[in-house]
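Asker: Generate coordinates for the sequence data below:
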Amino acid sequence: MVDYDLLVPYGWTEAVSTSYAALIEQDCVPARVIRMDRSECDAITPNGLARVRCPRPDSEVSGLCTGDWVTVDATSSVRRLLPRRSAIVRSSVSGRSQGQVLAANVDTVLICTAADGDVDLGRIERMLALAWESNAQPIVLLTKADAADDIPLDEVRAVAPGAGVLEVSANTGLGLDVLTAMLGGTVALLGPSGAGKSTLANALLGAEVFATNSVRDTDKKGRHTTVHRELRPLPGGGALIDTPGLRGVGVWDAGEGIEKTFSDIESLAAQCRFGDCAHHGEPGCAVREAIDSGELTQRRLDSYDKLARENEWMRARTDKRLQAERQRAWRGIVKQQRRMYQERNSGR
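Answerer: Below is the predicted model:
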């Protein structure tokens, strides 16, 4: 028996139903990907939890990830990937000019960093750029606050304009009530290994769902305890996606995300005397004046420049890849036309 109420704890709403209604084939049902496993995935359908076959990598429907809404046919195969409302994308770890989707259809991104270790502002800025670009609302969490002697809240707030910043502890419950009140829809956890994401996820879920490990005392780094991206319903409504620790956080086509992350620098740059000011000694540079007055740090400007250059480099690589693909497609068309002409001439 088909029961669409089974989808509700996993993010199915009236708005989602309305947006996808015309895209669901007559012999299919909507489903949400809970966990990917190569050529198969676990999905929630109106018939309950199911093991579903995924399309081949060379098919039109490829690159599925946790959080995706899809249509599933009677053979338990994915027929169509439904349009994503949001997607957290980083540059591929393989170095190719393609993006890797970390999670889809996310409303809130929880950026986790351990308060009892080295709070890396540059890494936080990178993850903020990914979150803003995804079309989700970021919240920066300074986890393990109970074990930290000095929590740099002001420094983190300064690099996260427009985002919430909280200190939390999954062990003591510090800040969890405030965090829970801020959550809605689908929530994704991002951060490096050892940031306490799985422990926090278990606290929010109210059960020991995800495995956890302690970090090394020497460098405060942890091992990957979460090896799959997995979606679970939250007891108060909405859903949560836990993700493996991120070693590398490369930006991929994140121009708008970078602008939002560094909105303070963007606002200052608009006041520079020259529209093409590079902020490296030009006269009338509002950005340099802000650094000289202490309003802005040189570290933050350097981080902005680095991410902007990285993003432009990745976009240039992507453009070259797309250009090469178009050229290959055009060569295929030309070859096909030549064969047609040859066949016509040979038949005379």
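
Asker: any idea which residue sits dead centre in the chain?
Answerer: Ile88 (2.0 Å; Cα atoms, centre = their mean).

Asker: contacts for the strand or helix carrying that residue?
Answerer: Per DSSP states H and E: Ile88 is located in strand 87-91. Counting by Cβ atoms under 8 Å, 6 or more residues apart in numbering, the neighbours of strand 87-91 from elsewhere in the structure are 99-106, 109, 130-131, 133-136, 188, 190, 246, 248-254, 314. For glycine as for every other residue, the C-beta is placed from the backbone atoms N, C-alpha and C.

Asker: These, buried ones only, as a PyMOL selection?
Answerer: In PyMOL, selecting the buried portion of those, with burial taken from 16 or more other Cβ atoms under 10 Å, looks like this:
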select buried, resi 99+100+101+102+103+104+105+106+109+130+131+133+134+135+136+188+190+246+249+250+251+252+254+314
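
Asker: In helices only, show me the contacts of strand 87-91.
Answerer: When the contacts of strand 87-91 are checked against helices using DSSP state H, the ones located there are Leu130, Ala131, Glu133, Met314.

Asker: farthest-separated two in those residues?
Answerer: Ala131 and Met314 (17.4 Å; Cβ to Cβ).

Asker: any low-confidence regions in this structure?
Answerer: Across the chain, the ranges flagged by pLDDT under 70 are 1, 56-62, 92-98, 212-227, 318-348.

Asker: hey, where'd the strands end up in the stretch 1-150 of the chain?
Answerer: 29-37, 40-45, 48-53, 69-72, 78-81, 87-91, 99-104, 108-114, 137-143 (DSSP state E, counting those that start in this stretch).

Asker: looking at it, Ile269 is touching His279, isn't it?
Answerer: Let me fix one detail, which is that residue 269 is Ala and not Ile. Yes: in this structure Ala269 lies within contact range of His279 using Cβ atoms under 8 Å: 7.0 Å.

Asker: which residues are common contacts for these two?
Answerer: When contacts are counted by Cβ under 8 Å, 6+ apart, Ala269 and His279 have Val287 as shared neighbours.

Asker: State the distance from the spatially closest residue to Gly191 that is not a sequence neighbour to Asp120.
Answerer: For Gly191, ignoring the flanking residues on the chain, the nearest one in space by Cβ to Cβ, 6 or more residues apart in numbering is Cys112 at 3.4 Å. Cys112 sits 12 Å away from Asp120 when distances are taken as Cβ to Cβ, to the nearest Å.

Asker: Kindly report the same for Leu6.
Answerer: According to Cβ to Cβ, Leu6 and Asp120 sit 41 Å apart.

Asker: start to end distance for stretch 149-165?
Answerer: 18 Å (Cα to Cα, to the nearest Å).

Asker: buried sites along it?
Answerer: In stretch 149-165, residues buried by neighbour count (16+ other Cβ under 10 Å) are Leu153, Val156, Val159, Ala160, Ala163, Gly164, Val165.

Asker: Can I get those in TSV including distance to Thr75 and secondary structure?
Answerer: Shown next, in TSV, are the buried residues of stretch 149-165 (distance: Cβ to Cβ, whole Å; DSSP: H, G, I helix; E, B strand; the rest coil):
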residue	distance to Thr75	secondary structure
Leu153	53	helix
Val156	49	helix
Val159	49	coil
Ala160	47	coil
Ala163	44	coil
Gly164	44	strand
Val165	48	strand
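
Asker: coming back round to it: can I get the ones in helices among the contacts of strand 87-91 in CSV with distance to Thr75?
Answerer: Putting these into CSV (distance: Cβ to Cβ, whole Å) gives the following:
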residue, distance to Thr75
Leu130, 36
Ala131, 37
Glu133, 36
Met314, 39
